[in-house]
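>>> following is a predicted model, sequence given first.
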Amino acid sequence: MTKENYTPEILQYIPFFYIIWSDDLLSTSEINVVERAIKNDNSLDEGAKKLLTSWLDVKKPPEDALFKSWKQLISNSGVKLVEYEAYPLTALSQKVASYYHSKIPSNEHLKDIEINLGIQPNHYNHLFDVQIDVEKNSVHYDSEQIDIILKGKHGSIIDSFRDELKDPIFSWGIIRDKEPYRNHVLKQVEFLANKGYGALAYPEAYGGTNDMEGYATIFENLMYVDGSLTIKFGVQFGLFGGSIQKLGTKKHHDQYLTKTGAAKLLGCFAMTETGHGSNVRGIKTTATYDPTTERLVIHTPGKNDNKEYIGNAMHSKMASVFAQLIINGKNEGVHAILVNLRNDEHELLPGIRVEDNGYKLGLNGVDNGKIWFNQVSVPKENLLNKYGTILANGTYHSEIKNPNKRFFTMLGTLVGGRICVARAGLGGAKYALTVAIKHALKRRQFNDSVKVQEDLLMDYPSHQLRLTPLVASAYVYHATLDKMMQLYCDESQPDKRQIETQVAGLKSIITWYANATIQECREACGGKGYLLENRIADLKGDVDIFTTFEGDNNVLLQLAAKGVLSDFKAEFNSAGFSSVLKLLSAQLSDKLATINPMYSNKTDKEHLYNPKFHIHAFEHRTKRLTYTIAMRIRNYIKKGIPSYQAFLKVQTHLLALGKAYSVELAYKSFLEHSTTIEDTSYRSLFEKLGTLYALYEIRKDASWYLEQGYIGNNKSKAIRQRVERLCTELRPHLDTLVDGFGIPEHCLTAPIAKN
């Protein structure tokens, strides 16, 4: 049969068969994919189906003459392969058929073959003439519109803040001497304070707009300037000022909050101690009330009981000191007390000792230090007494009678800080991704002997796979953190325990994600990523610490997991424990009911792309881990092991649960956000990003799902192929997606990110 006798329907299949027999792609299962497409293609008559099926016989491959005629047919059409199209091979096939016949529509069955076989442009572009498209931007989406979607209701505050960053004071430069660096960052903080951004989250009476959500969005944008600025800004206005706002009362607000927001009173947040790390309840610094003088005496009792790694320690005049409050010989638990560190001449006051922490891996523009207190006396009015106070008769009083609840209520004020840290980490990841992807969209490397130009890095499937899922994750985590801050700021929900649990887990997975992303971007840029001028090197050092401050991630994940197990009491009694186990068992049985061989091996696109499958997979993992932890704890306690020891024995199990819960929460939050996008084309783009995130996360934990029988071998393979395929489908939009992060042009200073 000659090319003139091929029907347009058959013609569209020929480029596929040309690839199949050129690269020997077909296995038995893959032959089934093509056969199924042919069978279901109603545009083909029976004769056409018989002919196409005959070309699939591995025992009788097409003769050389036929194969060469296919090549000539494609070549004579003059059609070039456009790698940037969503379905490049299907599009090429349609154009070839249209060359020899009138214009015909694209064949959806060919798209199914292209996806199901995992065929990507780099697998076959050596077989065709390739159209080198220097215009790398997607014509389908506008980055400014994506930025508007991400900004949401905070558009005006974000836009005005980005404009402020045009000031020369924020111009990026390499400063390696910590003293000039710290002084420069301090001036930047004071500049922003003068513009009103320091007090943004404070009430209007103290110079703010009561906009904590807007304040959180600033953290991401501050990272586009400098990590040190981000953290010093957060210490001054979020931690120090926030402790006064959240733990203090009106007298403290009136006296200190306006000056703090204006950076006229520089302060630090002295919680962590050298010997006690994340164990805030176990800190040793004391604040002992002296009824004869009506003053509190702040004291560091031991060698390792000093405050450690305190940001702003060298510049601050005052500290919010967390200490064990001792009244009439009784320890009333951890409270915060304002303590002056220096006088107006910036000289240390008696009993105060401060040492510089010195140079660090990163954030050297932040003045971290150690602080000791030797019988330092302050007025009792300096106690931040929203949740506990000293009465006129010298006794302690709190509206929250339970000491545990009081402690965790006070710590709940740290939730906002954890959201901001995660937000800052996400900003660092976005910046690194933007640099790496823009570099990959212009940097060429390797080719075959036929091509004139080398391939763009971004056209390699391996490069797509290493970066595209990270872009999808950035979008998911952005929407998730927006939602968390909204919930945190909801005054109609005064009990913040649930949001504390959620944020603890999310801060962990997002800051780990940020570090992994920055490292991947560094490697993806090769030696250029190692140069300071391209900014990724500093991001690596700056964001590294995010995994351990505002709570060590491993500790926070256990907090999140214990929140999932919150229905269990500290000391389980048999009735309460059994009832919870019964509930969990029933829930798990509901999930397992659908897990049969057909479900475990279901591989069609409609199923794997369906959010119901993703939610089912994530919920099953969380429920299963919860149930098995509960059973283990129950068995340990039955043997007489104390609950604390029982939890230690399941510690690694708790970490797995914390991660699983957090990923599920992030995905559900993103799905909820996607439904609010009115433009259907942009909603579809966001949904595709969500699908990639979900399948990528399931793929990362494929061993667990395989062990549990939740997915079978074929499904695991199909998920891997779908992840790769989604990366290819998103390839045309990557430049638009990173531009959609909204990083201001004046902040994107990395030379390799320039066009």
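Received it, and whenever you're ready, just let me know what you need.

>>> quick one: Ala336 is in a strand?
Yes: the assignment for Ala336 is a strand, going by DSSP: H, G, I helix; E, B strand; the rest coil.

>>> tally of neighbours for it?
Neighbouring residues of Ala336 were enumerated by other Cβ atoms under 10 Å; the total is 29. Using the backbone N, CA and C atoms, a C-beta is placed for each residue, glycine as well.

>>> same check on Thr293?
By the measure other Cβ under 10 Å, the count of residues near Thr293 is 11.

>>> swap in Ala537?
Close neighbours of Ala537, defined as other Cβ under 10 Å, add up to 16.

>>> begin at 374 from here
Let's use 374 as the start, then, which means that last one is Ala910.

>>> and it, its phi and psi?
Ala910 has phi and psi values of phi -60, psi -50 when expressed as degrees, to the nearest 10.

>>> in contact with it, which residues are there?
Ala910 sits next to 895, 902-904 when contact means Cβ atoms under 8 Å, 6 or more residues apart in numbering.

>>> also Lys703?
Lys703 neighbours (Cβ under 8 Å, 6+ apart): Tyr769.

>>> now it: how far from Tyr769?
Taken as Cβ to Cβ, to the nearest Å, the spacing of Lys703 relative to Tyr769 amounts to 8 Å.

>>> same question, Met687
34 Å.

>>> which of the contacts of Ala910 are buried?
Using 16 or more other Cβ atoms under 10 Å as the burial test, the contacts of Ala910 include 895, 902 as buried.

>>> restricted to helices, list the contacts of Ala910.
Helix and strand membership here follows DSSP state H; of the contacts of Ala910, those in helices are Arg895.

>>> from the contacts of Ala910, which is closest to Pro541?
The shortest distance between Pro541 and any of the contacts of Ala910, using Cβ to Cβ, involves Leu904 and amounts to 23.2 Å.

>>> how about the strands in the protein?
Using DSSP state E, the strands found in the chain span residues 640-643, 659-663, 668-672, 680-683, 691-700, 703-713, 725-729, 742-746, 749-752, 762-763, 769-770.

>>> which of the ones you listed sits most buried?
strand 640-643 (a mean of 29; mean count of other Cβ atoms under 10 Å).

>>> format the contacts of Ala910 as JSON lines; extra columns: distance to Lys422 and pLDDT.
Below are the contacts of Ala910 laid out as JSON lines (distance: Cβ to Cβ, whole Å; pLDDT from 0 to 100):
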{"residue": "Arg895", "distance to Lys422": "52", "pLDDT": "97"}
{"residue": "Gly902", "distance to Lys422": "52", "pLDDT": "95"}
{"residue": "Tyr903", "distance to Lys422": "56", "pLDDT": "96"}
{"residue": "Leu904", "distance to Lys422": "58", "pLDDT": "96"}
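
>>> max pairwise distance over the contacts of Ala910: which two?
Arg895 and Leu904 (10.3 Å).

>>> and stretch 597-611, how far from the chain's centre?
Using Cα atoms, centre = their mean, to the nearest Å, the mean C-alpha position of stretch 597-611 is found 19 Å from that of the whole chain.

>>> before we move on, the earlier item: format the contacts of Ala910 as TSV; extra columns: distance to Glu718.
Below are those laid out as TSV (distance: Cβ to Cβ, whole Å):
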residue	distance to Glu718
Arg895	44
Gly902	46
Tyr903	44
Leu904	42
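
>>> pull the helix or strand with minimum mean pLDDT from the chain.
Taking mean pLDDT, DSSP states H and E as the measure, the helix or strand of the chain with the lowest value is helix 947-965, at a mean of 55.

>>> look at Ser448 and report its pLDDT.
What the model reports for Ser448 is a pLDDT of 86.

>>> from Ile547, how far out is the nearest residue to it once chain neighbours are set aside?
Of all residues not flanking Ser448 in the chain, Asp502 sits nearest, at 7.8 Å (Cβ to Cβ, 6 or more residues apart in numbering). With the distance defined as Cβ to Cβ, Asp502 ends up 45 Å from Ile547.

>>> those two: which is more packed in?
Neighbour totals were compared for Asp502 and Ile547, and Asp502 leads with 14 against 8 (other Cβ under 10 Å).

>>> go ahead and confirm the more buried one touches Lys453.
Yes: using Cβ atoms under 8 Å as the test, Asp502 is close enough to Lys453 to be in contact (4.6 Å).

>>> which among the contacts of Ala910 gets closest to Ala438?
Of all the contacts of Ala910, Gly902 has the smallest distance to Ala438: 50.4 Å, by Cβ to Cβ.

>>> surely the closest one meets Gln892?
No: under the criterion of Cβ under 8 Å, Gly902 makes no contact with Gln892, lying 9.6 Å away.

>>> contacting residues for the spatially closest residue to Ser1035 that is not a sequence neighbour?
Take Ser1035 and drop its neighbours on the chain: the residue closest to it by Cβ to Cβ, 6+ apart is Gly878, 3.5 Å away. Listed by Cβ under 8 Å, 6+ apart, the contact partners of Gly878 are 929-930, 932-934, 1031-1032, 1034-1035, 1038.

>>> Tyr575: what's it in contact with?
Applying Cβ under 8 Å, 6+ apart, we find Tyr575 in contact with 581, 583, 614, 618, 630, 634.

>>> neighbour-wise, which of those residues leads?
Note: the member of these with the most neighbours is Gly614, at 28 neighbours, neighbours being other Cβ under 10 Å.

>>> would you confirm that that one contacts Leu639?
No: under the criterion of Cβ under 8 Å, Gly614 is not in contact with Leu639, lying 10.4 Å apart.
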